[in-house]
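> Take a look and give me a structure for this.
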Amino acid sequence: MDLGTGHRSERSTAPGAVGSGAAGERRFPPGFLLGAATSAYQIEGGVDLDGRGPSIWDTFAAAGHARGHTGEVAADHRRRMAEDVALMARLGLPAYRFSIAWPRVQPTGAGPANQAGLDFYRALVDELLAHGIEPLVTLYHWDLPQALEDAGGWPVRATAERFADYAAIVGAALGDRVRRWSTVNEPWCAAMLGYAAGVHAPGRTDPAAAVAAAHHLLLGHGLAVDALRAALPHGADAEIAITLNPYPVVALGDSDADRDAARRVDGLANRLWSEPVLHGAYPEDVLDDLSAVSDLAHIRDGDLAQIARPIDALGVNYYRRHHVRHESGASAPPSPWPGSPDVAVVEPPGAPTSNGWAVEPDGLTEVLVRLSREGAPPLYVHENGAAFADVVDEDGRVHDEARRRYIADHLAACLDALDAGVDLRGYMVWSLLDNFEWAEGYTQRFGIVHVDFATQRRTPKDSALWYAEVVRTGTLAAEPARPAGDGRRP
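So this is what the prediction gives:
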């Protein structure tokens with residue numbers, strides 16, 4: 001495709017059903033939202049601009065925990081925002097999901113808004129709208145202001161209360177132009193990787209703190225739902241969501257112990273989050289497991305009703321399944337499975353991505369169908385993507401056929417979910433740009449656009465050019481059968 005002039009899709013935005021196009025093609029329903037996603041700390045850089053305060057990821061990375069890399073520059077999006085939006089427009093993307101850096105808006109996580117920080121996000125939203133791109137705003141994608149962590153972080157209730165204040169500030173500033181919101185991204189990662197396993201910021205290894213953090217992240221979500229609804233302009237057609245990262249769980253044996261290991265992982269990875277959000281209750285078996293490391297005194301009367309405040313949509317981030325077996329001591333602390341010290345999560349053999357993850361697109365259909373049956377509101381895939389060892393060839397192209405096929409297979413999984421009756425309304429590929437990949441630093445490339453971190457040159461990969469055609473036509477061509485041994489679940 002020609003990236004010199006830009007184009008927009010002319011498809012209708014009215015809801016409809018999946019249909020068939022030419023032979024071998026499947027068509028997305030009219031109005032199905034296709035786009036790309038990023039997060040603030042992973043791409044923005046500009047940590048010295050706008051009066052931004054330090055975040056827990058600044059501190060964690062500076063201590064050498066991200067393979068010696070930091071997000072100080074990242075993809076330099078703070079300075080190159082207009083260039084990046086123009087690139088999205090040339091690719092014809094109808095939607096862009098991004099997160100707001102809490103420390104750029106409230107440098108200490110409390111007090112009045114930092115107008116210079118808000119002005120950047122106002123300019124970003126205006127630039128997107130000027131190019132016909134719908135903004136999807138995520139309020140929290142893990143960059144907690146360091147001052148709040150110094151005061152106790154997510155394990156203390158006050159952080160949830162401060163998050164609601166922050167949500168009100170952002171809602172008031174952007175609510176006249178932003179319709180779609182997500183409060184918290186992947187609270188499992190923020191709580192369990194950050195406070196139990198210690199492999200993400202803030203790097204703590206306290207199982208009881210992780211359990212409290214999980215509750216307060218959910219409470220912060222519920223408080224933010226109310227804060228947003230109060231702050232958004234009267235009559236705004238807002239759509240408020242939370243973004244979870246559910247994993248299908250597969251037991252790798254037939255023993256009672258293996259089945260119990262799978263139950264425990266399903267409880268901590270999935271049901272601990274979806275059941276309070278959707279139904280206002282924690283699973284009793286999960287509370288029993290967690291009681292081994294926490295007295296659960298942080299759960300107060302009225303909290304679960306607040307967590308279950310009505311939402312308009314649910315975001316799903318999907319990458320792979322969890323394959324689980326019982327193994328004595330395999331998840332002894334520090335691990336992301338508090339209260340369950342004997343579970344082993346094992347990657348299937350032949351996992352083809354550069355970070356060793358299996359490719360299991362049918363698992364995406366599985367989680368979407370499950371959430372739909374559990375009473376979820378309309379669903380969006382807020383993240384889905386894969387890391388591969390991409391290089392720019394001598395011809396100036398990035399030939400990432402593995403990623404193109406990965407995206408195609410997962411889009412097909414979305415169509416399968418639609419065919420099964422799931423109310424799925426959109427898909428955001430992860431990620432628009434190669435970026436700072438958290439604990440992996442710059443060693444893993446997830447972007448459909450290659451970033452040369454030395455020069456900040458952007459090069460759309462073959463997957464981006466292909467995805468642009470899917471967006472333009474609203475159709476997905478049939479893929480040939482995969483060979484055996486490709487990392488997919490049998």
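> hey, which helix or strand in this protein has the poorest pLDDT?
The least trusted helix or strand in the chain, going by mean pLDDT, DSSP states H and E, turns out to be strand 19-20, with a mean of 56.
> What helices and strands are in contact with the next helix-or-strand element following it?
Counting by DSSP states H and E, the element after strand 19-20 in chain order, helix or strand, is strand 25-27. Helices and strands touching strand 25-27, by 3 or more CB pairs under 8 Å, 6 or more residues apart in numbering; DSSP states H and E, are strand 19-20, strand 475-477. (C-beta placed from N, C-alpha, C; glycine too.)
> leaving aside the residues next to it on the chain, what's closest to Ala478?
Sequence neighbours aside, Gly24 is the residue nearest to Ala478 in space, at 3.9 Å (criterion: CB to CB, 6 or more residues apart in numbering).
> Any figure for the gap between that neighbour and Ser463?
According to CB to CB, to the nearest Å, Gly24 and Ser463 sit 20 Å apart.
> With Ala63 instead?
Noted for Ala63: a distance of 34 Å to Ser463, by CB to CB.
> pLDDT below threshold where in the chain?
Scanning the chain with the threshold set as pLDDT under 70 gives 1-23, 235, 480-490.
> Helix or strand next in line after the longest helix belonging to it, which one?
Looking across the chain with DSSP state H, the single longest helix is helix 207-231. Remark: after helix 207-231, the chain's next helix or strand is strand 239-244, criterion DSSP H and E.
> packing partners for that following strand?
Judged by 3+ CB pairs under 8 Å, 6+ apart, the packing partners of strand 239-244 are strand 180-185, helix 187-188, helix 207-231, helix 272-279, strand 313-317, strand 379-383.
> Comparing Ala63 and Ser463, which shows the higher neighbour count?
In terms of neighbours (other CB atoms under 10 Å), Ser463 is the more surrounded of Ala63 and Ser463; the figures are 27 against 11.
> so who does Ala40 touch?
When contacts are counted by CB atoms under 8 Å, 6 or more residues apart in numbering, Ala40 touches Phe98, Ser99, Ile100, Ala101, Arg104, His141, Asp143.
> before we move on, what about Ala477?
Per CB under 8 Å, 6+ apart, neighbours of Ala477: Gly24, Glu25, Ala408.
> Now restrict those to buried residues only.
Buried by 16 or more other CB atoms under 10 Å: Ala408, out of these.
> Would you mind giving the contacts of Ala477 as a markdown table with distance to Ser340 added?
Shown next, in a markdown table, are the contacts of Ala477 (distance: CB to CB, whole Å):
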| residue | distance to Ser340 |
| --- | --- |
| Gly24 | 45 |
| Glu25 | 45 |
| Ala408 | 36 |
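> ok, of the contacts of Ala477, which one's closest to Val125?
Nearest to Val125, judged by CB to CB, of the contacts of Ala477 is Ala408 at 30.6 Å.
> Now do the same contact list for that closest one.
Trp466, Leu476, Ala477, Glu479.
> how far is the helix or strand hosting it from where the chain is centred?
Assessed by DSSP H and E, Ala408 sits inside helix 401-419. Chain-centre distance of helix 401-419: 17 Å, with CA atoms, centre = their mean, to the nearest Å.
> Show me the contact partners of the helix or strand following that helix.
Note on helix 401-419: by DSSP H and E, the next helix or strand toward the C-terminus is strand 424-430. Contacts to strand 424-430, defined as CB under 8 Å, 6+ apart, come from residues 31-37, 95, 97, 136, 313, 317, 368, 378-385, 407, 410-411, 414, 417-418, 446, 448, 467.
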